[in-house]
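K.L.:
Return atomic coordinates for the entry below.
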Amino acid sequence: MNTDPREWLGIHLGRAARLMRTKLDERLAPLGLTQAKWLILLYLFRNGGTMPQKELTETIGVEGPTVVRVLDGLERLGLIARQDRKDDRRTKDVCLTDQATPLLGEIRAITEAFRQELWAGVDDADLAVCERVLTRLLGNLGAL
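P.N.:
Below is the predicted model of the structure:
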């Protein structure tokens with residue numbers, strides 16, 4: 001049995017990421033949101049409500065055609081709009097609509113409660129070390 005902490009950390013990181021998304025997905029399901037939908041809404045919100053479609057696709061790490069289908073659904077629900085960019089007509093911006101505001105409030109409340117439960121018992125010093133290690137790993141992977 002391998003006791004190398006680097007190997008176990010990688011395994012635990014992957015498992016924790018999957019479980020976090022799954023558990024949050026379960027909590028957001030009553031809002032009628034799939035993981036793909038709430039992820040897009042969350043990234044748009046965190047980026048000021050507007051992102052180029054290509055950047056959004058790269059950020060969430062899903063294939064372009066899949067993102068287009070999800071965006072089509074969000075647009076039909078009136079939660080996003082796609083607009084041509086004035087500086088480059090080949091590029092579309094994806095923008096949150098005013099209709100998304102109440103839903104985003106609900107998403108934020110659910111995610112904040114989830115975050116409080118998730119981080120219970122983790123002190124700030126340990127969290128700071130974890131953040132430094134993950135930042136280094138992401139840098140080593142070229143993701144920063």
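
K.L.:
Have a look at the protein and report its longest helix.
P.N.:
Counting residues, the longest helix in the chain under DSSP state H turns out to be helix 5-28.

K.L.:
Which secondary structure element is home to the residue nearest the centre of the chain?
P.N.:
By Cα atoms, centre = their mean, the chain has its centre lying nearest to L39, at 4.2 Å. Under the criterion of DSSP states H and E, L39 resides in helix 35-46.

K.L.:
Also A109?
P.N.:
In the assignment (DSSP H and E), A109 maps to helix 100-118.

K.L.:
Likewise for G142?
P.N.:
Going by DSSP H and E, G142 is not in any helix or strand.

K.L.:
Would you mind measuring from it to P52?
P.N.:
21 Å (Cβ to Cβ, to the nearest Å). In short, each C-beta sits where N, CA and C put it, glycine included.

K.L.:
More neighbours: which of these two?
P.N.:
P52 (15 against 6; other Cβ atoms under 10 Å).

K.L.:
Am I right that the more buried one is in contact with D87?
P.N.:
No - using Cβ atoms under 8 Å, P52 is not in contact with D87, being 10.6 Å away.

K.L.:
any low-confidence regions in the chain?
P.N.:
For the chain, the stretches with pLDDT under 70 are 1-2.

K.L.:
What about the nearest residue to the residue nearest to the centre of the chain once chain neighbours are set aside, how many residues nearby?
P.N.:
Sequence neighbours aside, I60 is the residue nearest to L39 in space, at 5.4 Å (criterion: Cβ to Cβ, 6 or more residues apart in numbering). The number of residues packed near I60 is 16, by other Cβ under 10 Å.

K.L.:
Tell me the helices and strands packed up against the very next helix or strand once past the helix holding L39.
P.N.:
As assigned by DSSP H and E, the chain's next helix or strand after helix 35-46 is strand 50-52. For strand 50-52, the packing partners by 3 or more Cβ pairs under 8 Å, 6 or more residues apart in numbering; DSSP states H and E come out as helix 35-46, strand 92-96.

K.L.:
For these, could you give me JSON lines that also reports distance to L127?
P.N.:
Putting these into JSON lines (distance: least, Cβ to Cβ, whole Å) gives the following:
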{"stretch": "helix 35-46", "distance to L127": "19"}
{"stretch": "strand 92-96", "distance to L127": "30"}
